[in-house]
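Enquirer: Structure for the following, please:
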Amino acid sequence: MGEQDRGLDNLEFYLLSPSRNVSSVGLEHYFDRVGVTGSSPVRSTNPTFYKINLLPVQKSLRLLLIFWLLSISANKLWAQGRQDPYPGCSSILIETRMSGAAAFGSWSRHIESQGLRLDRTDPTLLQLNTLPVSIKKMNCEYFIESKVTDNGTILVQLNWRTLTTDSTTNRPPSFQKWTYAAEKKSVAFTLYNEIMRVVDTYGNYLIWYSR
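Expert: Model prediction:
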């Protein structure tokens with residue numbers, strides 16, 4: 001097998017020319033009959049072979065195959081629109097491929113169009129928070145915290161707390177960072193649906209989840 005493998009690296013083949021030529025004997029008789037002199041030599045009727053080395057072709061095909069597989073993977077990701085979240089992830093990343101300032105302005109306007117009110121915004125640091133939103137059926141409230149990178153990736157996080165008053169302080173507990181959970185009736189899953197309602201209506205962008 002080893003000898004065969006090494007041979008394939010320098011594989012060569014010969015390409016037979018499909019062109020057909022007129023017989024030289026018949027053509028010479030014709031030239032004599034019509035009185036043509038000094039004609040060009042008649043091509044041989046022997047077939048022409050072209051030697052081709054497959055080594056550079058093989059390398060090119062490998063590169064084309066790699067680029068083709070990468071393009072399929074990229075198109076598949078874009079067609080899906082987002083990856084599935086996993087237990088414990090706490091951040092949603094939206095790749096807008098805009099400039100940081102453009103993505104910040106676009107995301108801010110979209111949040112307000114969804115009925116959410118902005119609390120703090122910082123156009124210099126490209127950060128914004130919304131005012132808390134209550135979910136009565138889950139007896140909790142949450143706010144959205146967003147940060148935009150210079151290359152236009154929006155990092156979205158949720159902070160939430162229950163509305164049950166602490167008996168020792170007579171105040172609701174402090175906000176805590178949201179993490180995803182797959183239990184359908186859990187607070188974490190309800191909050192996930194709340195934020196994805198905003199994210200999904202923002203645009204057809206690639207979405208990632210991370211811790």
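
Enquirer: From here on, just use CA atoms for contacts and neighbour counts.
Expert: Noted.

Enquirer: give me the number of residues near the residue nearest to Lys184 when sequence neighbours are not counted?
Expert: Closest residue to Lys184 in three dimensions, ignoring its sequence neighbours and counting by C-alpha to C-alpha, 6 or more residues apart in numbering: Thr190, at 7.5 Å. Thr190 is flanked by 18 other residues according to other C-alpha atoms under 10 Å.

Enquirer: Likewise for the one 3 residues further on?
Expert: The number of residues packed around Asn193, counting by other C-alpha under 10 Å, is 11.

Enquirer: Assumed it was part of a strand.
Expert: No - under the criterion used here (DSSP: H, G, I helix; E, B strand; the rest coil), Asn193 is helix, not part of a strand.

Enquirer: so Ala102 sits in a helix?
Expert: Yes - assessed by three-state DSSP, Ala102 belongs to a helix.

Enquirer: Just list the residues touching the closest residue to it other than its chain neighbours, thanks.
Expert: Nearest residue to Ala102, sequence neighbours excluded (C-alpha to C-alpha, 6+ apart): Gly152, at 7.6 Å. Residues counted as contacts of Gly152 (C-alpha atoms under 8 Å, 6 or more residues apart in numbering) are Glu95, Thr96, Arg97, Met98, Ser99, Gly100, Ala101, Ala102, Ala103, Phe104.

Enquirer: what's the most distant pair in those?
Expert: Glu95 and Ala101 (13.7 Å; C-alpha to C-alpha).

Enquirer: I'd say Pro173 and Thr162 touch.
Expert: Yes - Pro173 lies in contact with Thr162 (C-alpha atoms under 8 Å); the separation is 6.9 Å.

Enquirer: In terms of packing, which of those two has more residues around it?
Expert: Legend: neighbour count by other C-alpha under 10 Å for Pro173 and Thr162, higher for Thr162 (19 against 14).

Enquirer: Count the neighbours of the residue nearest to the more buried one when sequence neighbours are not counted for me.
Expert: Of all residues not flanking Thr162 in the chain, Cys140 sits nearest, at 4.1 Å (C-alpha to C-alpha, 6+ apart). Residues contacting Cys140 under the criterion other C-alpha under 10 Å number 18.

Enquirer: Cys140 and Leu116, how far apart?
Expert: If you measure Cys140 against Leu116 using C-alpha to C-alpha, to the nearest Å, the figure is 16 Å.

Enquirer: Same check on Trp208?
Expert: 23 Å.

Enquirer: per-residue pLDDT, the residue nearest to Thr162?
Expert: The model reports Cys140 with a pLDDT of 95.

Enquirer: Checking Lys137 next. Helix, strand or coil?
Expert: helix.
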